[in-house]
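A.B. asks: need coordinates for the below:
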Amino acid sequence: MTAAENVCYTLINVASDSEPPSEVSLKADLEKGEIKAKTEALKKVIIMILNGEKLPGLLMTIIRFVLPLQDHTIKKLLLVFWEIVPKTTPDGKLLQEMILVCDAYRKDLQHPNEFIRGSTLRFLCKLKESELLEPLMPAIRACLEHRHSYVRRNAVLAIYTIYRNFEHLIPDAPELIHDFLVNEKDASCKRNAFMMLIHADQDRALDYLSTCIDQVHTFGDILQLVIVELIYKVCHANPSERARFIRCIYNLLQSSSPAVKYEAAGTLVTLSSAPTAIKAAAQCYIDLIIKESDNNVKLIVLDRLIELKEHPTHERVLQDLVMDILRVLSTPDLEVRKKTLQLALDLVSSRNVEELVIVLKKEVIKTNNVTEHEDTDKYRQLLVRTLHSCSVRFPDMAANVIPVLMEFLSDTNEAAAADVLEFVREAIQRFDNLRPLIIEKMLEVFHAIKTVKIYRGALWILGEYCSTKEDIQSVMTEVRRSLGEIPIVDNEIKKETGEVKPEDEVSAAPAQKLVTEMGTYVTQSALSSSRPSKKEEDRPPLRGFLMDGDFYVAASLATTLTKVALRYVALVQDKKKQNSFVAEAMLIMVTVLHLGKSSLPKKPITDDDVDRISLCLKVLSECSPLMNDIFNKECRRSLSHMLAVRLEEEKLSQKKESEKRNVTVQADDPISFMQLTAKNEMTSKEDQFQLSLLAAMGNTQRKEAADPLASKLNKVTQLTGFSDPVYAEAYVHVNQYDIVLDVLVVNQTSDTLQNCTLELATLGDLKLVEKPSPLTLAPHDFANIKANVKVASTENGIIFGNIVYDVSGAASDRNCVVLSDIHIDIMDYIQPASCTDAEFRQMWAEFEWENKVTVNTNITDLNEYLQHILKSTNMKCLTPEKALSGFCGFMAANLYARSIFGEDALANVSIEKPLHLGPDAPVNGHIRIRAKSQGMALSLGDKINLSQKKANV
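C.D. replies: Numbering: from 1, shown residues only. Next comes the predicted model:
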């Protein structure tokens, strides 16, 4: 076993710049120095031994001059010293001097000071020499009856470790500890004793638990946690015992300790799938989320609730608890709220949707009353989207939701208002019976809309769905009200000239008397020009947008006016009224065109907007049936088609989710035997405590390829050549934020290699945690060296280095073998993720780093190339499958992924197939990658460049 793999109990920080002292000076300090000098000398000795020095000459000095001292600091340092010092001769026999040490510790175990007794007992847990422990056994047993709980607690631990390592020294330990446990009153002592019985003699532990099972709820939390662990292990190994202990677990759900409640709920779920058990566990989780203040705890417990929901039989039980789950929304953290809303949405059914909608409506109204905050806006968006989803799945709810949400169209936060608008657009198209209500509400809030984007959307909805004569007249009234007096140009010029009177333009400020430095009086007066600024003028909203130079809204207005005018002509038979309405619409368009061409707005009108308004004027002047059909039918048909496609996609994804969850067992399915099952196939059969311990140690079993051996071999990197004196290869194991390099080093020479050291360095956002220890390799021997590397961000990292060694007996300098570079794959940190189109566009606009990769591949099919890129970059395609189906010679798709460090990566694939070059011509085009950090954008670009070409099989 290498030094690096030895179990380490004590870690000591060493100042690297200090000079190592000589053995002679240390000996002098230890023999003749004061207490302070002896303390410092002992510290230096400990550090030198930890660094590999032997110092055998100091052992007797310390026993003679330091061991008898009663100073507590020295006694504590001696415990560390005896832990690390070599206690045996090279042939494995115990050093004679250690008998003296043993006698000193027997005295310490009988010391009147409880701290010295307790710390000595803790030290004995670390001893691995049974010859040293044997004389101390009577003293250790006596410590079980000491008056102080600190001594008794550590005596139990000492007995447990001695029993585990050397059972022959104390064969009656379980019986001794059982008797101790029955009479003990202190919670920490009982916990240690009970834990020992769990691992040493489970039957005795169960006997004790049976005698006090009704008093479990009165125990301290540390003992309750150990009891939960015992019950889990017993029921896991022997399921017939469940009925005996399930009542105890139910009682522990009422514990005052959050940790006990959490563990008890988790254990209850694994032991029983009865609806009452699931409901009790879920209720316990919900209480924990509400009462715990730490957001990380809330998120962890929420994840447990989400795991419960994944089980088909548990989902119905959780549906009854939706209202309780919604109590979590009182938490201000956005991430917690997001997960809660998603969980509630997954659990909503026709039985509870009404109550859910009432709660969400209240929450939406609350967001309007609180002070504006970035998270408030985002939370409002989340609520709007949740209500949107509820209304789509349960159309009866839409009538209750729409009036409340439409108030937010006038919100200053554009994102929330845009979500409401999208919802209203879908509702007005899907639910014919709600159209009058939506139109009425839209006309009410129309004048209060503050952002131009929302204004455009509202205009479109009004133009598309106003079908009665009264509604059309109301739309025209609202447009005129929002535009102000027309013609606009004349009105604005009048304002500029006529409203400002000449006498107001210049006014003299009142004269002021001031005193100069010389003490004389002077009079100062000034002329100031006062003129109302444009901001002070209260312009109607639409005119304000136009004066700011936003003429895209004018093009939208022209289309809306054209639609309502054509519909009005079809509804009203009176020619005079028809002409009057059409003329009014044309006048508005013409006055907007005139304004755009004048110098009044901040920016002139664009040619595209001029063309659109001119087209609308032409359509109204001709009123042809074809144009009527295009404006009033085709637009709505395309929206209807888009919504139908989106609904179909949602249903398909829901179907896939439900198929994943429904566990179907076929008649000819193989039977799983626990002993023969691969680790990743076990779910409830695995010991959860063991799993969590493995996860904490970084030994989690990740799902590998079909053949685990093959996938492991894929990660082996050859570091040196076969003809090098030292052959080395590394297995790179990535575990989230850590990389473990398991390096195999083979001595290919006939010499013994001394001080064979693996020297590593890193490039990128990687950090080497510890320096691997030197080894001695016999001729043709091999060894494994482990090195840990920490990862801080998603970036292509490189690990490089060399192996240096001395040849025993040779007079030459140290030999060096340079290693090949190890490239850390970015794909180990990137996971597919999804986001909405609006979020994608927002991130695309915000992210400053862009990397443009030119497509250079041998793949000839567009779809095949896209799938190849998705597979090699681990990204998710956000563009719907319907939009990518068919063949038209080109393709555009948006891709998205998120790293485990929370970094977002966006990509836009724009590719085409050059048809003029024949059917075998490869795909060409560009892939643009955007990310917040430069490293992410460059690393992803490098990955795409490396994997573009498909390997010929």
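A.B. asks: I'd assumed residue 928 was in a strand, is it?
C.D. replies: Yes - counting by DSSP: H, G, I helix; E, B strand; the rest coil, residue 928 is located in a strand.
A.B. asks: for it, give the beta-bridge partners.
C.D. replies: residue 852, residue 908 (DSSP bridges).
A.B. asks: ok, how many other residues are close to it?
C.D. replies: Taking other Cβ atoms under 10 Å as the criterion, the count of residues near residue 928 is 16. Where you see a C-beta, it was placed from the backbone N, CA and C, and this is true even at glycine.
A.B. asks: my guess is it contacts residue 854. True?
C.D. replies: No - in this structure, residue 928 is not within contact of residue 854 by Cβ atoms under 8 Å, at 10.5 Å.
A.B. asks: what bridges to residue 817?
C.D. replies: Taking DSSP bridges, one obtains residue 803 as the residues bridged to residue 817.
A.B. asks: pLDDT wise, what is it at?
C.D. replies: Looking at residue 817, its pLDDT is 90.
A.B. asks: report the contact partners of it.
C.D. replies: Taking Cβ atoms under 8 Å, 6 or more residues apart in numbering, we find residue 817 in contact with 720, 724, 725, 726, 728, 802, 803, 804.
A.B. asks: per-residue pLDDT, the residue nearest to residue 467 when sequence neighbours are not counted?
C.D. replies: The shortest distance from residue 467 to any non-neighbouring residue, by Cβ to Cβ, 6 or more residues apart in numbering, is to residue 567 (6.8 Å). Residue 567 carries a pLDDT value of 81.
A.B. asks: if we can go back for a sec, report the buried members of the contacts of residue 817.
C.D. replies: Buried subset of these (neighbour count, 16 or more other Cβ atoms under 10 Å): 720, 724, 725, 726, 728, 802, 803, 804.
A.B. asks: all helices for the stretch 851-953 of the chain, in order.
C.D. replies: 862-873, 881-884, 934-947 (DSSP state H, counting those that start in this stretch).
A.B. asks: which other residues reach the first one?
C.D. replies: What it means is helix 862-873. 827, 830, 855, 857, 859, 875-877, 884, 887, 890-891, 893, 895, 897, 907, 909, 911-913, 923, 927, 940, 943-944, 947-948, 950.
A.B. asks: what do you get for stretch 280-299?
C.D. replies: 250, 253, 258, 261-262, 264-266, 268-269, 301-302, 304-305, 308, 317-318, 321, 324-325, 327-328, 330-331, 333, 335-336, 339.
A.B. asks: buried members of these into PyMOL, please.
C.D. replies: Typed into PyMOL, the next command selects the buried ones out of the contacts of stretch 280-299 (criterion: 16+ other Cβ under 10 Å):
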select buried, resi 250+253+258+261+262+264+265+266+268+269+301+302+304+305+308+317+318+321+324+325+328+331+336+339
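A.B. asks: okay, and which of the contacts of stretch 280-299 map to helices?
C.D. replies: Those of these mapping onto helices are 250, 258, 261-262, 264-266, 268-269, 301-302, 304-305, 308, 317-318, 324-325, 335-336, 339, per DSSP state H.
A.B. asks: for residue 386, give me the pLDDT.
C.D. replies: Confidence score, pLDDT, at residue 386: 84.
A.B. asks: let me fix that: residue 632
C.D. replies: As predicted, residue 632 sits at a pLDDT of 66.
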